[in-house]
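Participant: this one's structure only:
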């Protein structure tokens, strides 16, 4: 048995960053994501976002690789969103994703950050937010993520 604590902050953008996630209907999307993560033996701490991207803070079970975990979320939600009349403009997720690991001591700060996405994006656009996240985590931004 493996004993791990891996706190991931995952960001998924819509295809071409199109504002296609209807905010008045996101509670059903977030419940769906919670179910996917629960079925993968993970724990969801917070999910939230705006029209062109979402943030997921979760604990990944040690039996799943991050890429497979994110792929399962993207595939399942993409199919669900495309078949839902509540999200008529959703065309899919972007090709890539961003994922950052954090210490559990940062959990409450991250929960609050994700919880306040609507307020945060009144001052900062998605591109700048992601550039800051990459920089804060010592990563070099890849321009292909924004196409």
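Facilitator: Cool, got the structure. Small disclaimer: the values here were computed from a predicted structure and weren't measured.
Participant: Pull the distance from the biggest helix by length in the chain to the chain's centre.
Facilitator: Assignment by DSSP state H gives helix 66-82 as the longest helix of the chain. Taking CA atoms, centre = their mean, to the nearest Å, one finds helix 66-82 lying 11 Å from the centre of the chain it belongs to.
Participant: What residues sit buried inside that helix?
Facilitator: Buried residues in helix 66-82, counted by 16 or more other CB atoms under 10 Å: 69, 70, 73, 74, 77, 78, 80, 81. Heads up, the C-betas are built off the backbone N, CA and C, glycines and all.
Participant: The helix or strand following that helix to helix 66-82, inter-axis angle?
Facilitator: Counting by DSSP states H and E, the element after helix 66-82 in chain order, helix or strand, is strand 98-102. Interaxial angle, strand 98-102 versus helix 66-82 (axes from the mean of the first three to the mean of the last three CA atoms, to 10 degrees): 130 degrees.
Participant: who does strand 98-102 pair up with?
Facilitator: Note on strand 98-102: by DSSP bridges, its sheet partners are strand 7-13 (antiparallel).
Participant: Just the mean pLDDT for the helix or strand just after the partner strand, thanks.
Facilitator: Under the assignment DSSP H and E, the closest C-terminal helix or strand after strand 7-13 is helix 26-39. Here helix 26-39 scores 97 as its mean pLDDT.
Participant: What residues sit buried inside helix 26-39?
Facilitator: Judged by neighbour count (16+ other CB under 10 Å), helix 26-39 contains these buried residues: 26, 29, 30, 32, 33, 34, 36, 37.
Participant: Closest to residue 117 out of the residues you listed?
Facilitator: residue 26 (10.5 Å; CB to CB).
Participant: Could you check how far the closest residue to that closest one other than its chain neighbours is from residue 8?
Facilitator: Leaving aside its chain neighbours, residue 26 sits nearest to residue 49 (7.4 Å; criterion: CB to CB, 6 or more residues apart in numbering). Residue 49 sits at a distance of 15 Å from residue 8 (criterion: CB to CB, to the nearest Å).
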